[in-house]
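Student: this one's sequence-less:
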């Protein structure tokens, strides 16, 4: 089972995601669990380890959007872990011609986080952020805290009001 800690109880250096939340004065709760290095479905691992509903547990996905022939923009889509991202919906929300999942190595390089620990906050390169609109009905959601085995619970409206996420229908 996971260990629940507040931002002052986190051992080690804070991640850029936690630093962004603290700098913005956002109330949040950090959830820590022992990550299994064999896990490949990181979002489901979070659900299983912390016992928090999958509808409230979100994953951050890096998407490559074609804005014009030969020109692209990378954006981040935050959706519940049990859903599949609809790339056409992301393209529509971002105003792009088409969209495809970013290569994992590109996602790691652009965000500064490892796959399975990519947070929508505190990325090394700024990206537009899109949020599955249905999560706004939840009192709180979990997003990655910036490393595997760390999730952060926040009010989903914080992503919109403080971090400029654009709510949109994103799931298939």
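Tutor: Structure received. Note that the coordinates shown come from a computational prediction; the quantities given were computed from them, not determined experimentally.
Student: every contact and neighbour count from this point should use C-alpha atoms.
Tutor: Will do.
Student: is it true that residue 124 lies in a strand?
Tutor: No: under the criterion used here (DSSP: H, G, I helix; E, B strand; the rest coil), residue 124 is coil, not part of a strand.
Student: and it, what does it touch?
Tutor: Taking Cα atoms under 8 Å, 6 or more residues apart in numbering, we find residue 124 in contact with 110-112.
Student: check the gap between the residue most central in space within the chain and residue 130 for me.
Tutor: Closest residue to the average C-alpha location of the chain: residue 60 at 3.1 Å, with Cα atoms, centre = their mean. Residue 60 is 10 Å from residue 130, where distance means Cα to Cα, to the nearest Å.
Student: common neighbours of those two, please.
Tutor: The contact lists of residue 60 and residue 130 share 76-78, where a contact means Cα under 8 Å, 6+ apart.
Student: could you dump the residues you listed to CSV with distance to residue 135?
Tutor: Shown next, in CSV, are the shared contacts of residue 60 and residue 130 (distance: Cα to Cα, whole Å):
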residue, distance to residue 135
76, 15
77, 12
78, 9
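Student: now the residue nearest to the centre of the chain: which helix or strand?
Tutor: Per DSSP states H and E, residue 60 falls inside strand 58-68.
Student: quick check: what element follows that strand along the chain?
Tutor: Going down the chain from strand 58-68, the next helix or strand is strand 71-80, by DSSP H and E.
Student: returning to that earlier point: which of the contacts of residue 124 sits closest to residue 52?
Tutor: Each of the contacts of residue 124 was checked against residue 52 using Cα to Cα; the closest is residue 111, at 25.6 Å.
Student: tell me, how many residues neighbour that closest one?
Tutor: 23 (other Cα atoms under 10 Å).
Student: what residues are up against the residue lying closest to it once chain neighbours are set aside?
Tutor: The spatially closest residue to residue 111, leaving aside those adjacent along the chain, is residue 123, at 4.5 Å (Cα to Cα, 6 or more residues apart in numbering). If a contact means Cα under 8 Å, 6+ apart, then residue 123 has 16-17, 110-113 as its contacts.
Student: any idea how far residue 76 is from residue 123?
Tutor: Counting by Cα to Cα, the gap between residue 123 and residue 76 amounts to 10 Å.
Student: export the contacts of residue 123 to a markdown table and append columns for pLDDT.
Tutor: Shown next, in a markdown table, are the contacts of residue 123 (pLDDT from 0 to 100):
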| residue | pLDDT |
| --- | --- |
| 16 | 97 |
| 17 | 98 |
| 110 | 98 |
| 111 | 98 |
| 112 | 97 |
| 113 | 98 |
